[in-house]
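**Q** give me a model of this one.
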Amino acid sequence: MKKLFSKLALFTFVSIILAIPLQAFAAAPCIKDTEKNKFLITIIEEGFGEPNETGAEYKSRTCCRTTTVVDGIYSSPELNLTCEAPCTLVTNPENKKVNGKICEEVMVILSKGGTTMIEGYIASIYTWAASLVGLIAVTVIIISGIQIAMSGGDPQALDSGKNRIIKSISGLAVLFLSGLILYTINPNFFTTK
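**A** Sure thing, here's the model as predicted:
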């Protein structure tokens, strides 16, 4: 029984130690001082897609913006960007009279110039939309296959399932052809520079 309690106590102690976030250290700034002079910085409220840190001319990252509210007046939020996403501070946007801090996740885009930012943003939109369309098409194919398997020989259910599968496959073909066309126009569209 003593071994069981000692193992349980050790497990609890290790779990508590591992669960403590390392926020005792100062949060790293989302935008470094060297990046402020080299990149055009754009903050997007409703970001989408995965952060992209591989490019030399275009980078996107998810950051945490902390805004201090004093008597319903918001401070300048751009000065408080940190890499603490997901945000862990007190969030109370409903009651704007309360003094405190509001924390929001934002997407930050760093680019060498305006055209680089537009190219990177369009590539992000295309990648996000293509993955969403592909996911929907595959889901429709799976559901239609289940419908065909469960039809029990009903010709109307078979035709309905087959038609949806054919339409989903043709939608995937259009999606891949659009990617081929974009690659033909600009071979660097899907790669980082």
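
**Q** just the strands in the chain please.
**A** Applying DSSP state E to the chain gives strands spanning 40-44, 58-70, 73-74, 81-82, 100-111.

**Q** quick check: which of those strands is nearest to Ala149?
**A** strand 58-70 (41.3 Å; Cβ to Cβ). Heads up, the C-betas are built off the backbone N, CA and C, glycines and all.

**Q** what's the angle between that closest one and strand 100-111?
**A** For strand 58-70 against strand 100-111, the angle by axes from the mean of the first three to the mean of the last three Cα atoms, to 10 degrees is 160 degrees.

**Q** on that earlier part again, can I get the strands of the chain in CSV including mean neighbour count and distance to Leu172?
**A** As requested, the strands of the chain are exported to CSV (neighbours: other Cβ atoms under 10 Å; distance: least, Cβ to Cβ, whole Å):
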stretch, mean neighbour count, distance to Leu172
strand 40-44, 14, 29
strand 58-70, 19, 27
strand 73-74, 10, 46
strand 81-82, 18, 39
strand 100-111, 19, 28
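
**Q** can you list the ones you listed in JSON lines and add distance to Ile31 and mean pLDDT?
**A** As requested, those are exported to JSON lines (distance: least, Cβ to Cβ, whole Å; pLDDT from 0 to 100):
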{"stretch": "strand 40-44", "distance to Ile31": "6", "mean pLDDT": "81"}
{"stretch": "strand 58-70", "distance to Ile31": "8", "mean pLDDT": "76"}
{"stretch": "strand 73-74", "distance to Ile31": "20", "mean pLDDT": "66"}
{"stretch": "strand 81-82", "distance to Ile31": "6", "mean pLDDT": "66"}
{"stretch": "strand 100-111", "distance to Ile31": "7", "mean pLDDT": "76"}
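
**Q** turn the ones you listed into CSV, columns for distance to Ile185.
**A** Below are these laid out as CSV (distance: least, Cβ to Cβ, whole Å):
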stretch, distance to Ile185
strand 40-44, 24
strand 58-70, 18
strand 73-74, 43
strand 81-82, 35
strand 100-111, 20
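
**Q** need the longest helix for this protein.
**A** Ordering each helix of the chain by length in residues (DSSP state H) puts helix 114-149 first.
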